[in-house]
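Participant: Here is a sequence together with a model predicted from it:
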Amino acid sequence: MKQSQQSNKLRFDGQVFFIGIDVHKKSWTITIRLNGMQLKTFTMEPNAKQLQKFLKKNYQGGHYFSVYEAGFSGYWLHHQLTELGIKNIVVSPGDVPISNKEKSYKDDAIDSRKLARELENNSLKAIFVPTPKQSATRQISRLYALQSNENKKIRLRIKSFLNYLGVEIPFEVGSRWSNRLINWLEKLELKNEGDRYYLDQLIKNMKAKRKELLATLKLIRKNYADHQVIKRLRTIPGIGLITAFTYYAEIMDIRRFDNENKLASYVGLIPSLKSSGNRTRVRGLNHRQNKLLKFRIIESAWVAIKNDPALTSSYVSYIKRMPKQKAIIKIARKLLNRMRSVWINQKEYQIGRMI
């Protein structure tokens, strides 16, 4: 009797199911489509194994394709779904086609239906999903950037406080944040006990943040300074360890960008265009960008123009017809092209190349 029940159970061998997942911390809203039909929309607990169990129970023998939008939840769900045999992609929310009605009326069910529909229509472009190991490397890069930014903020608070008190740093002490400057701050005599206490707390905080930053830098040097890609990138004038490491951590696979324009667009070093009829208007830099990588490349461009004759010549030529800020963006773009070339060709950079 049991064998008879199993043989009579509906099967969907060879059928392709498209699944849109609207992801939230406490629940998922799921839409399932087959052959242009919306079969079911429902809410479930956020559990990949439970979803697989539901699909196999109700649509046994089918091929399952799923999609969700990149967001707070990262990529762990993608890896779990893939391991469970569900072919998943992750998409950028801004790249999902949306109707006027969906713009006006937005809820979880509508979002999951939209994802399932566009997945079936083959109109979605998957973003690059790093492996867990690659993701961990990227987190180190972003931690260093966060710690560096916090360090700068504390230094600015100290300088602002000194300005508030009318205290100037002596020339012989110097404005760079050396041990000499820190020792001077610690011995600085202030009239009010409250001011002294406030400055001491800022200094204490700065020392702690500085220690954290140096520990992360030590980790980067230990684990990545001898990486072949990073070593080659550092042969380019202006590219130091942190810029090379950030570039490697954020990109991971340089061949996912077919050409220089796609890489520049990802970084945010390409202008946005607005076309209407026969007119095309060039606007500012595209707002879609990798802010951290863009900052590092532009920062390195200022160094590169002082150390590479080819870039020095280009920069001098640019500033004759445009502001310095626009000129440095063009230099940054050239620098980015060099980095791409070095990575793809797996060769050290030759100074003076006109890329």
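Facilitator: Thanks, I have the structure now.

Participant: beta partners of the closest residue to L39 other than its chain neighbours?
Facilitator: Leaving out its chain neighbours, the residue that sits closest to L39 by C-beta to C-beta, 6 or more residues apart in numbering is I32, at 4.7 Å. For glycine as for every other residue, the C-beta is placed from the backbone atoms N, C-alpha and C. I32 forms beta bridges with I19, K40, as assigned by DSSP bridges.

Participant: What residues are bridge-paired with P271?
Facilitator: Here P271, judged by DSSP bridges, has bridge partners L285.

Participant: For burial, what's the neighbour tally of the residue nearest to L39?
Facilitator: Other residues near I32 number 23, with proximity taken as other C-beta atoms under 10 Å.

Participant: isn't it right up against I19?
Facilitator: Yes. Between I32 and I19 there is a contact at 5.4 Å, judged by C-beta atoms under 8 Å.

Participant: Show me the shaky parts of the stretch 251-355 of the chain.
Facilitator: Scanning the stretch 251-355 of the chain for pLDDT under 70 picks out the ranges 272-287, 352-355.

Participant: what do you get if the cut-off is 90, keeping everything else the same?
Facilitator: In the predicted model of the stretch 251-355 of the chain, residues 270-289, 350-355 satisfy pLDDT under 90.

Participant: Tell me which stretches of it form helices.
Facilitator: Per DSSP state H, counting those that start in this stretch, the stretch 251-355 of the chain carries helices over the ranges 260-267, 291-307, 309-318, 324-345.

Participant: And the ones you listed: which comes nearest I230?
Facilitator: Proximity to I230 (C-beta to C-beta) singles out helix 324-345 among those, at 9.8 Å.

Participant: other SSEs contacting the closest one?
Facilitator: helix 228-233, helix 260-267, helix 291-307, helix 309-318 (3 or more C-beta pairs under 8 Å, 6 or more residues apart in numbering; DSSP states H and E).

Participant: what angle separates the third one from helix 260-267?
Facilitator: Direction vectors for helix 291-307 and helix 260-267, defined by axes from the mean of the first three to the mean of the last three C-alpha atoms, to 10 degrees, enclose an angle of 120 degrees.

Participant: quick revisit: how about the contacts made by the residue nearest to L39?
Facilitator: 17-19, 38-41, 55, 59, 116 (C-beta atoms under 8 Å, 6 or more residues apart in numbering).

Participant: So it versus D111, what's the distance?
Facilitator: Going from I32 to D111 by C-beta to C-beta, to the nearest Å gives 15 Å.

Participant: And L190, by the same measure?
Facilitator: On the measure of C-beta to C-beta, L190 and D111 end up 57 Å apart.

Participant: Settle it for me: which of those two has more neighbours?
Facilitator: Neighbour totals were compared for L190 and D111, and D111 leads with 22 against 14 (other C-beta under 10 Å).

Participant: For that one, which non-adjacent residue is spatially closest?
Facilitator: Nearest to D111 is D22, by C-beta to C-beta, 6+ apart, at 4.3 Å.

Participant: Kindly format the C-alpha coordinates of stretch 312-320 as CSV.
Facilitator: Taking C-alpha atoms only, stretch 312-320 is exported to CSV below (Å, rounded to 0.1, in the frame of the first residue of the first chain):
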residue,chain,number,x,y,z
THR,A,312,52.7,63.9,-14.5
SER,A,313,52.6,64.9,-18.2
SER,A,314,48.9,63.9,-18.5
TYR,A,315,47.9,65.8,-15.4
VAL,A,316,49.7,69.0,-16.5
SER,A,317,47.9,68.8,-19.9
TYR,A,318,44.5,68.2,-18.2
ILE,A,319,44.7,71.2,-15.8
LYS,A,320,45.2,73.6,-18.7
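
Participant: and Y318, how many neighbours?
Facilitator: Neighbours of Y318 (other C-beta under 10 Å): 18.

Participant: wait, it sits on I331?
Facilitator: Yes. Y318 sits in contact with I331 when judged by C-beta under 8 Å, with a separation of 7.4 Å.

Participant: After the lengthiest helix in the chain, which helix or strand is next?
Facilitator: Determined from DSSP state H, the single longest helix within the chain is helix 132-165. Using DSSP states H and E, the helix or strand that directly follows helix 132-165 along the chain is helix 179-187.

Participant: which other helices and strands contact that following helix?
Facilitator: helix 193-224.

Participant: quick one: the helix it packs on to chain centroid distance?
Facilitator: Distance of helix 193-224 from the chain centroid (C-alpha atoms, centre = their mean, to the nearest Å) equals 25 Å.

Participant: Report the angle between that helix and helix 179-187.
Facilitator: In terms of direction (the same axes, to 10 degrees), helix 193-224 departs from helix 179-187 by 150 degrees.

Participant: Just the C-alphas of stretch 249-269, formatted as CSV.
Facilitator: Coordinates of each C-alpha in stretch 249-269 appear next as CSV, following Å, rounded to 0.1, in the frame of the first residue of the first chain:
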residue,chain,number,x,y,z
ALA,A,249,39.5,42.4,-1.8
GLU,A,250,36.7,44.3,-3.5
ILE,A,251,37.3,42.8,-7.0
MET,A,252,38.5,39.3,-6.3
ASP,A,253,38.0,38.1,-9.9
ILE,A,254,39.2,40.8,-12.4
ARG,A,255,37.9,38.8,-15.4
ARG,A,256,34.3,39.4,-14.3
PHE,A,257,34.7,42.8,-16.0
ASP,A,258,34.8,42.4,-19.8
ASN,A,259,36.4,45.7,-20.4
GLU,A,260,37.8,48.9,-18.8
ASN,A,261,34.5,50.8,-18.9
LYS,A,262,32.7,48.1,-16.9
LEU,A,263,35.4,48.2,-14.2
ALA,A,264,35.4,52.0,-14.1
SER,A,265,31.6,51.9,-13.8
TYR,A,266,31.8,49.5,-10.9
VAL,A,267,34.3,51.7,-9.1
GLY,A,268,32.4,54.9,-9.9
LEU,A,269,34.9,56.6,-12.2
